[in-house]
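Asks: Everything below, folded, please.
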Amino acid sequence: MDSLKPDKELPSFERIILKLQKRKDGKGWPFNTGILGISINAGLVGLVSNSYFRRMLKVRKLLLFTSLPMVVIPAISILPMWTMYVAKPIVEGDLSCDICAQMRGAALNVTFGLLYPCFVSIPLVASIALRYKTVDIPKVGFSKEVFLKQMKFWSEKSRFFKSQFISLAFFQCVVGMYIAHKQYVVAQEFVHKPNIFGK
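Replies: Presented below is the predicted three-dimensional model:
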């Protein structure tokens, strides 16, 4: 199939999603509970990242202060990104193949469901570690010497996290590919058939 776009103009994206979510046979779940699962998964990974960095920097205080943002921010951030770059292109026919949808889903889920929570958690937990002096963190600066000290410090601290990080990255790839694949299949079956909205 050269193009997924139907001959006639589809109704608005929001109307299509609403129709899929309200299907009585439950086949529209990838656009309902599937996206919700992506969001919850990102929040859980954010919590895991926060827990790791707290242990790594020996931070015992302000648990709620660091945990709550690391659950809420990734969970909320990934929803519009997934809708904009995965769900909407699939429904509107801008993703031309199943593999393309899966690759985009995997890349987005790893970026916003793993890398983003990790990079947000580092300065948050490090600021508390500096405040309570739980570990000796090198000063932040722009000189080459300071930069090398920072790199050495974080590489040594995170070396035990590499295997866990790879496992989380693989898991996020699989989840992202699975949900994107299911959304593509549902869109092909119920959106891009002729007269589907006339039934």
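Asks: which residues of the protein score low on pLDDT?
Replies: Filtered on pLDDT under 70, the chain yields the residue ranges 1-11, 194-199.
Asks: can you map out the helices along it?
Replies: Remark: helices assigned in the chain by DSSP state H are 13-21, 33-56, 63-82, 88-92, 98-110, 116-132, 144-158, 162-190.
Asks: Can you tell me which of those helices is nearest to K27?
Replies: Within the helices of the chain, the stretch nearest K27 is helix 162-190; the backing value is 6.2 Å (CB to CB). Using the backbone N, CA and C atoms, a C-beta is placed for each residue, glycine as well.
Asks: Can you list the buried residues in the closest one?
Replies: Neighbour-count burial for helix 162-190, counted by 16 or more other CB atoms under 10 Å, picks out 168-169, 171-173, 175-184, 186-187, 190.
Asks: who does that helix touch, helix- and strand-wise?
Replies: If you count contacts as 3 or more CB pairs under 8 Å, 6 or more residues apart in numbering; DSSP states H and E, helix 162-190 packs onto helix 33-56, helix 88-92, helix 98-110.
Asks: Just put those helices in a markdown table and tack on mean neighbour count and distance to L20.
Replies: Below are the helices and strands packed on helix 162-190 laid out as a markdown table (neighbours: other CB atoms under 10 Å; distance: least, CB to CB, whole Å):
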| stretch | mean neighbour count | distance to L20 |
| --- | --- | --- |
| helix 33-56 | 20 | 10 |
| helix 88-92 | 21 | 8 |
| helix 98-110 | 20 | 15 |
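Asks: who wins for proximity to E14 among the ones you listed?
Replies: If you check each of the helices and strands packed on helix 162-190 against E14 by CB to CB, helix 88-92 wins as the nearest, at 9.7 Å.
Asks: Keeping just the C-alphas, turn stretch 107-126 into CSV.
Replies: The C-alpha trace of stretch 107-126 is given here as CSV (Å, rounded to 0.1, in the frame of the first residue of the first chain):
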residue,chain,number,x,y,z
ALA,A,107,12.4,5.9,20.3
LEU,A,108,9.8,8.1,22.0
ASN,A,109,9.2,5.8,24.9
VAL,A,110,13.0,5.4,25.6
THR,A,111,13.4,9.2,25.3
PHE,A,112,10.5,10.4,27.5
GLY,A,113,10.1,7.2,29.5
LEU,A,114,13.7,6.6,30.5
LEU,A,115,16.3,9.3,29.5
TYR,A,116,14.1,12.2,30.4
PRO,A,117,13.3,10.9,34.0
CYS,A,118,17.0,10.1,34.5
PHE,A,119,18.2,13.6,33.4
VAL,A,120,15.6,15.3,35.6
SER,A,121,16.4,13.2,38.6
ILE,A,122,20.1,13.9,38.6
PRO,A,123,20.1,17.6,39.4
LEU,A,124,17.1,17.2,41.8
VAL,A,125,18.8,14.6,43.9
ALA,A,126,22.3,16.2,43.6
